[in-house]
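Chemist: Following is a predicted model, sequence given first.
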Amino acid sequence: MIRPVVAITGGAGFLGSHLCERFLAEGYQVICIDNFLTGAVANVEHLMTDGHFRLVRADVSEHLAVVGRVDAVLHFASPASPIDYLRLPIDTLRVGSNGTYNALELAREKGARFVLASTSEAYGDPQVHPQPETYWGNVNPVGPRGVYDEAKRFAEAMTMAFHRAHGVDTAILRIFNTFGPRMRPFDGRAIPTFVRQALLGEPITVAGDGSQTRSICYVDDLVEGVFRVLNSDMPGPVNIGNPHEISMLDLAEWIRELTGTASQVTFVPRPQDDPEIRRPDITLATTRLGWAPRTPVEQGLRQTIAWFQEHPRLWSVENLAGAVS
Ligand code: NAD
């Protein structure tokens, strides 16, 4: 059997590693390309013995070359958590611009389908709720978060330019907050932060008064969405996310309850330009791809908490230093 070949940039990250697993399971040959800026070999170590998996260390902002056939390029390389992109602003802009250009050139050279991992952050602090793909967004280009939001908006524009100018078969995914095993406990995103604090018995730090909302999707559902988009002819943009919307205070209380912790909630200042509300309109994904999230949020939270409990080495001081330096 001839296996289709998929190149996954950022394949050693949180989402990328789950994609590597899924595509191997679907009979693909997987080329995982990563420079370990925010990912780790540990995320894909268990795949190394699979003869259909290849790990390539490369900075896709510099150069991206693959020998042989490639049928699909999934461009997931990019710092993704606020802590990461605020400490790596130039890398973030470069991977969204140069990295996307290089990944699109690879797809053009190989005649491969290209899928961009864009983000709900492209909608900024939205004035339309829930957010349909037709909404153009409300982004502050010169605020600190602009490095991520605008990098992704530029990446979307570059993707459409390759599609229009070169006829590359492209798709754009706007991914809403996704959570699950292999999130880094110190990456600053709400779920790993709350789970870590709860498991350590530390105060759970909620930003502002906690009334701001997010819509949270379990990683397996996101992976299913990526798989369906790749195997469709949809150009996107298409929202992939779970419309289950929850305030940050309610999320903190839920994690307190599920972990059985004695930790109390405390309030810390809101970061600048932190969006007030966020919920995907998934009509397009549902009607065109037959996709909808299947994992109840509570089940996803339980699985995530269990994974954190099973990986106590993540709590070491050494790991903390590595993650935030
Ligand atoms: P992550 O930080 O765990 O993974 C990103 C991966 O990209 C890491 O392995 C990192 O080392 C790699 N990378 C970064 N710059 C690179 C470069 N120049 N060359 C090669 N590799 C590079 O983050 P994640 O949560 O898995 O996010 C993956 C993608 O999905 C990102 O593009 C992100 O913007 C997008 N996304 C994620 C979410 C989410 O909720 N997790 C939401 C919206 C969009």
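Modeler: It's in.

Chemist: Can you list the low-confidence ranges for the chain?
Modeler: Low-confidence segments of the chain, defined by pLDDT under 70, are located at 313-325.

Chemist: Doesn't residue 171 belong to a strand?
Modeler: Yes. Residue 171: assigned to a strand according to DSSP: H, G, I helix; E, B strand; the rest coil.

Chemist: Thought residue 228 was touching it, still the case?
Modeler: No. Assessed by CB atoms under 8 Å, residue 171 is found out of contact with residue 228, at 10.3 Å. C-beta here means a position set from N, CA and C on the backbone, and glycine is covered the same way.

Chemist: neighbour count winner among those two?
Modeler: Between residue 171 and residue 228, residue 171 has the larger neighbour count (other CB atoms under 10 Å), namely 23 against 17.

Chemist: tell me the contacts of that one?
Modeler: Residue 171 makes contacts with 113, 114, 115, 116, 229, 230, 232, 234, 235, 236, 238, as judged by CB atoms under 8 Å, 6 or more residues apart in numbering.

Chemist: And the helix ranked longest in the chain, what's buried?
Modeler: If you go by DSSP state H, the chain has its longest helix at helix 146-166. Within helix 146-166, the residues scored as buried using 16 or more other CB atoms under 10 Å are 146-153, 155-156, 158-160, 162-163.

Chemist: what does that helix rub up against?
Modeler: 75, 78-80, 82, 85-86, 89-90, 92-93, 95-97, 100-101, 104, 107-108, 114, 116, 118-119, 121-122, 124, 137, 139-141, 168-170, 172, 235, 237.

Chemist: taking the residues you listed one by one, which sit in helices?
Modeler: Taking DSSP H as the definition of helices, these contribute 82, 85, 86, 89, 90, 92, 93, 100, 101, 104, 107, 108.

Chemist: distance of the fifth one from residue 155?
Modeler: I take that to be residue 90. Distance of residue 90 to residue 155, computed by CB to CB, to the nearest Å: 15 Å.

Chemist: can you check the first one too?
Modeler: Separation of residue 82 from residue 155 (CB to CB) stands at 18 Å.

Chemist: Please enumerate the strands of the stretch 101-250 of the chain.
Modeler: Here the stretch 101-250 of the chain has its strands, by DSSP state E, counting those that start in this stretch, at 113-119, 170-175, 178-179, 204-207, 213-215, 217-218, 238-240, 245-247.

Chemist: measure residue 278 to residue 183 for me?
Modeler: 18 Å.

Chemist: Need the CA coordinates for the helix or strand that contains residue 258. CSV is fine.
Modeler: Using DSSP states H and E, residue 258 falls within helix 248-259. C-alpha atoms of helix 248-259 as CSV (Å, rounded to 0.1, in the frame of the first residue of the first chain):
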residue,chain,number,x,y,z
MET,A,248,-12.9,31.9,33.7
LEU,A,249,-14.2,32.0,37.3
ASP,A,250,-16.6,29.1,36.6
LEU,A,251,-13.8,27.2,35.0
ALA,A,252,-11.6,27.7,38.0
GLU,A,253,-14.4,26.5,40.3
TRP,A,254,-15.0,23.5,38.1
ILE,A,255,-11.4,22.5,38.2
ARG,A,256,-11.4,23.0,42.0
GLU,A,257,-14.3,20.6,42.3
LEU,A,258,-12.8,18.0,39.9
THR,A,259,-9.4,17.9,41.6
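
Chemist: Can you name every helix or strand that that helix contacts?
Modeler: Counting by 3 or more CB pairs under 8 Å, 6 or more residues apart in numbering; DSSP states H and E, the packing neighbours recorded for helix 248-259 are helix 190-200, strand 204-207, strand 213-215, strand 265-268, helix 297-310.

Chemist: strand partners of the second one, parallel vs antiparallel please.
Modeler: When pairs are called by DSSP bridges, strand 204-207 turns out to pair with strand 265-268 (parallel).

Chemist: and the strand it pairs with, how far from the chain's centre?
Modeler: 26 Å (CA atoms, centre = their mean, to the nearest Å).

Chemist: quick one: contacts of whatever helix or strand comes next after it?
Modeler: Per DSSP H and E, the first helix or strand lying C-terminal to strand 265-268 is helix 283-289. Helix 283-289 is touched from outside by 132, 133, 225, 228, 229, 232, 234, 238, 239, 240, 291, 292, with contacts defined as CB under 8 Å, 6+ apart.

Chemist: how does it look with 7 Å?
Modeler: Helix 283-289 is contacted from outside by 133, 225, 228, 229, 232, 234, 238, 239, 240, 291, 292, using CB atoms under 7 Å, 6 or more residues apart in numbering.

Chemist: If any of these are buried, give me the PyMOL selection for them.
Modeler: This is how PyMOL selects the buried members of these, with burial counted by 16+ other CB under 10 Å:
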select buried, resi 133+225+228+229+232+234+238+239+240+291
